[in-house]
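**Student:** sharing a model prediction with you, sequence too.
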Amino acid sequence: KKLLMKREDEVARHFISQLITYATGAEIQFADRAELERIVQESKQDDYRVRGIFHRIIQSPLFRNK
């Protein structure tokens, strides 16, 4: 747990990328990384609350355009 808390950003990035993959049915592409980083940074402001993460993913172009 302590190790994961030290790498909070990495854990959140992986969690968000897995959610996007599940929601869209497509893997994250190189061109999608900027949008992924935007979602991660905005979610960091909310302390990575799952509700906020879901909201950002659903409103993102990644979800709406795939």
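**Tutor:** Happy to help now that I have it. In this text, all values refer to a predicted model and were calculated from it rather than measured experimentally.
**Student:** check which helices and strands the longest helix seen in the chain is in contact with.
**Tutor:** With secondary structure taken from DSSP state H, the chain has its longest helix at helix 8-24. Packed against helix 8-24 by the contact rule (3 or more C-beta pairs under 8 Å, 6 or more residues apart in numbering; DSSP states H and E) you find helix 33-45, helix 50-59, helix 61-65. To be clear about C-beta, it is placed using only N, CA and C from the backbone, and glycine gets the same treatment.
**Student:** show me the one of the ones you listed that comes nearest residue 22.
**Tutor:** Closest of the helices and strands packed on helix 8-24 to residue 22 is helix 50-59, at 9.7 Å (criterion: C-beta to C-beta).
**Student:** got the contact list for the residue nearest in space to the middle of the chain?
**Tutor:** Among the residues of the chain, the one closest to the centroid is residue 16, at 2.7 Å (C-alpha atoms, centre = their mean). When contacts are counted by C-beta atoms under 8 Å, 6 or more residues apart in numbering, residue 16 touches 36, 39, 40, 43, 53, 57.
**Student:** wait, doesn't the third one sit right on residue 9?
**Tutor:** What it means is residue 40. Yes. Between residue 40 and residue 9 a contact is recorded at 6.9 Å, counting by C-beta atoms under 8 Å.
**Student:** quick one, which of the two is more surrounded?
**Tutor:** The residue with more neighbours, out of residue 40 and residue 9, is residue 40; 20 against 13, by other C-beta atoms under 10 Å.
**Student:** contacting residues for that one?
**Tutor:** Listed by C-beta under 8 Å, 6+ apart, the contact set of residue 40 reads 9, 12, 13, 16.
**Student:** gap between it and residue 4?
**Tutor:** Noted for residue 40: a distance of 16 Å to residue 4, by C-beta to C-beta, to the nearest Å.
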